[in-house]
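Colleague: Show me the folded form of this:
(one chain, ligands or ions: 1)
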Amino acid sequence: MRLSVIGCGYLGAVHAAAMASIGHDVVGIDVDERKIASLSEGRAPFFEPGLQDILTAGLASGRLRFTTDIGAAAGSSVHFIGVGTPQQQGAYAADLGFVNAAIEALVPHLRPGDIVAGKSTVPVGTAESLAPQVASSGATLVWNPEFLREGWAVQDTIDPDRLVAGVPGGPEGERAAQILRAVYHPSIDKGTPFIVTDYATAELVKVSANAFLATKISFINAMAEIAEATGADVTQLADAIGHDARIGRRFLGAGIGFGGGCLPKDIRAFSARAEELGKGESVAFLREVDAINLRRRERAVELVTNALGGSAVGKKVAVLGAAFKPHSDDIRDSPALDVAVRLKGLGADVVVTDPAAIDNARRAHPQLSYTRDLDSALTAAHAVIVVTEWDEYRRALDPERAGLLVDSTVVIDGRNCLDAAAWRAAGWTYYGMGRP
Ligand code: UGA
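Modeller: The predicted structure is shown next:
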């Protein structure tokens with residue numbers, strides 16, 4: 001099938017390349033000339049495992065191309081909208097400017113019978129309000145939310161755990177669902193559930209999934225706070241409650257909390273939308289989820305300061321990690337960088353290292369010092385804090401050897417990802433989050 005993908009960021013670029021990899025003929029469109037130039041030359045514009053391979057293969061097959069010309073969408077039967085919906089400046093609500101602009105630019109190029117499939121995360125009610133504009137060209141709007149995780153985006157796009165399509169009622173909606181089934185048939189044939197809903201349900205599935213995940217993380221971080229007050233160990237607690245299949249161990253990783261371009265802004269946008277609907281109290285707990293999450297960053301800073309004897313002034317702190325999570329170079333709302341910035345603000349001599357995110361981090365926070373070399377980050381450090389659980393720190397970093405490089409063998413494990421016993425055995429003073 002001929003497909004267009006409008007917006008070539010983390011979502012759209014992966015979607016375009018993944019759709020080409022399953023046999024479709026795809027054009028990726030974005031207003032950002034640098035991004036399009038990079039994709040057209042076969043260079044993934046961000047770090048995402050597996051993207052480079054399907055990008056190279058797609059371009060070589062002739063089934064994948066990129067352009068800044070929205071007119072290139074003409075002739076595709078399905079047009080995916082994958083533009084960003086960031087948090088508004090100075091407010092909790094989502095900024096729909098990119099979605100509105102994409103639809104406006106696309107409509108003149110639509111043919112009757114085309115499908116416009118929104119993938120961006122939007123406040124409930126958005127599809128309903130955009131549908132007439134799409135219908136004016138004889139096309140049909142569906143909402144087809146995306147559940148990919150950065151770092152696993154290629155796999156999640158090609159083999160998602162579910163597909164959701166919010167469609168209008170009647171035969172038009174049935175036809176639209178049929179066309180989306182055809183797009184995703186390789187995955188549906190393998191048994192992926194394909195759930196057809198109305199618009200509001202599809203939009204809510206997306207935001208409620210992210211709200212649930214954020215709540216799960218903040219729940220365990222709240223338990224970490226209680227553990228800190230009582231001498232309990234939140235990691236053992238998570239292991240123990242995680243054995244209950246109704247609870248499950250995944251997303252019970254206590255530490256400095258969630259960040260990234262999705263969970264933080266999505267729970268805020270959900271709160272704002274619920275308030276508009278007069279249902280603010282239904283999701284009032286999300287404010288608490290947000291507050292717990294932000295408190296953990298402060299707690300990590302406090303652990304470092306205490307470990308340094310009450311003041312960070314002039315002390316070298318090695319910050320291991322900058323990305324909001326491993327296998328990503330994304331630093332949007334990164335808890336890791338937030339901790340680094342706060343420590344710098346307290347007068348510490350902060351040196352940040354990360355296997356993938358240094359360039360992005362330096363652009364956003366030029367006031368910090370950076371090194372790609374883990375050893376030089378560690379050298380003469382008065383404290384080490386692990387803030388992104390890359391394998392390079394979790395598995396590959398030998399506490400014995402690291403101990404020879406630093407000035408003081410003090411480590412703060414902001415992700416509870418190190419083997420505490422091994423670090424202690426190597427002579428380190430180890431502090432975890434919510435651990436004795
Ligand atoms: C999240 C969702 O997991 C995806 O399903 C969704 O599609 C995506 O948002 C989106 O809306 O686009 P992502 O932002 O890539 O995906 O990252 P997650 O893997 O959810 O991690 C989010 C944050 O939570 C990271 O900072 C991570 O370090 C933190 N986290 C995760 C914890 O602090 N503890 C955990 O146990 C798990």
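Colleague: The residue nearest to Glu146 when sequence neighbours are not counted: neighbour count?
Modeller: The shortest distance from Glu146 to any residue other than its chain neighbours is 4.6 Å, reached at Lys119 (C-beta to C-beta, 6 or more residues apart in numbering). Where you see a C-beta, it was placed from the backbone N, CA and C, and this is true even at glycine. Look at Lys119: counted by other C-beta atoms under 10 Å, it has 22 neighbours.
Colleague: Contacts only, for Lys119.
Modeller: Leu11, Gly12, His15, Phe80, Ile81, Gly82, Asn144, Pro145, Glu146 (C-beta atoms under 8 Å, 6 or more residues apart in numbering).
Colleague: again with Arg65
Modeller: Applying C-beta under 8 Å, 6+ apart, the residues contacting Arg65 are Val26, Val27, Gly28, Ser40, Leu59, Ala72.
Colleague: is it possible to export those residues to TSV including pLDDT, distance to Ala94 and secondary structure?
Modeller: Below are the contacts of Arg65 laid out as TSV (pLDDT from 0 to 100; distance: C-beta to C-beta, whole Å; DSSP: H, G, I helix; E, B strand; the rest coil):
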residue	pLDDT	distance to Ala94	secondary structure
Val26	98	27	strand
Val27	98	27	strand
Gly28	98	23	strand
Ser40	98	30	helix
Leu59	98	33	helix
Ala72	98	27	helix
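Colleague: Please read off the pLDDT at the residue nearest to Glu146 from the model.
Modeller: Predicted confidence (pLDDT) for Lys119: 98.
Colleague: That one and Thr353, how far apart?
Modeller: 34 Å (C-beta to C-beta, to the nearest Å).
Colleague: same check, this time on Pro193
Modeller: 41 Å.
Colleague: Which of these two has more residues huddled nearby?
Modeller: Neighbour count, other C-beta under 10 Å: between Pro193 and Thr353, Thr353 has more, with 26 against 10.
Colleague: Enumerate every residue touching the more buried one.
Modeller: Counted by C-beta under 8 Å, 6+ apart, Thr353 has contacts Ala318, Val319, Leu320, Gly321, Ala322, Tyr370, Thr371, Arg372, Asp373, Leu374, Ser376, Ala377.
Colleague: What are the phi and psi values at the second one?
Modeller: Pointing back at Val319 there. When read as degrees, to the nearest 10, the backbone of Val319 gives phi -100, psi 110.
Colleague: and what of the fourth one?
Modeller: Geometry field for Gly321 lists phi and psi as phi 120, psi 140, criterion degrees, to the nearest 10.
Colleague: how near is the closest residue to Asp349 other than its chain neighbours to Ala380?
Modeller: Sequence neighbours aside, Lys316 is the residue nearest to Asp349 in space, at 4.6 Å (criterion: C-beta to C-beta, 6+ apart). With distances taken as C-beta to C-beta, Lys316 is found 6 Å from Ala380.
Colleague: More neighbours: these two, which one.
Modeller: Legend: neighbour count by other C-beta under 10 Å for Lys316 and Ala380, higher for Lys316 (22 against 13).
Colleague: Would you agree the more buried one is in contact with Asp407?
Modeller: Yes. In this structure, Lys316 is within contact of Asp407 by C-beta atoms under 8 Å, at 7.0 Å.
Colleague: Common neighbours of these two, please.
Modeller: Common neighbours of Lys316 and Asp407 (C-beta under 8 Å, 6+ apart) are Ala380, Ala381, His382.
Colleague: would you turn the residues you listed into JSON lines with distance to the ligand, pLDDT and secondary structure?
Modeller: JSON lines is the format used below for the shared contacts of Lys316 and Asp407 (distance: C-beta to the nearest ligand atom, whole Å; pLDDT from 0 to 100; DSSP: H, G, I helix; E, B strand; the rest coil):
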{"residue": "Ala380", "distance to the ligand": "29", "pLDDT": "98", "secondary structure": "coil"}
{"residue": "Ala381", "distance to the ligand": "23", "pLDDT": "98", "secondary structure": "coil"}
{"residue": "His382", "distance to the ligand": "26", "pLDDT": "98", "secondary structure": "coil"}
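Colleague: would you list every one of the helices in the stretch 1-150 of the chain?
Modeller: 10-21, 33-40, 51-61, 97-106, 126-135 (DSSP state H, counting those that start in this stretch).
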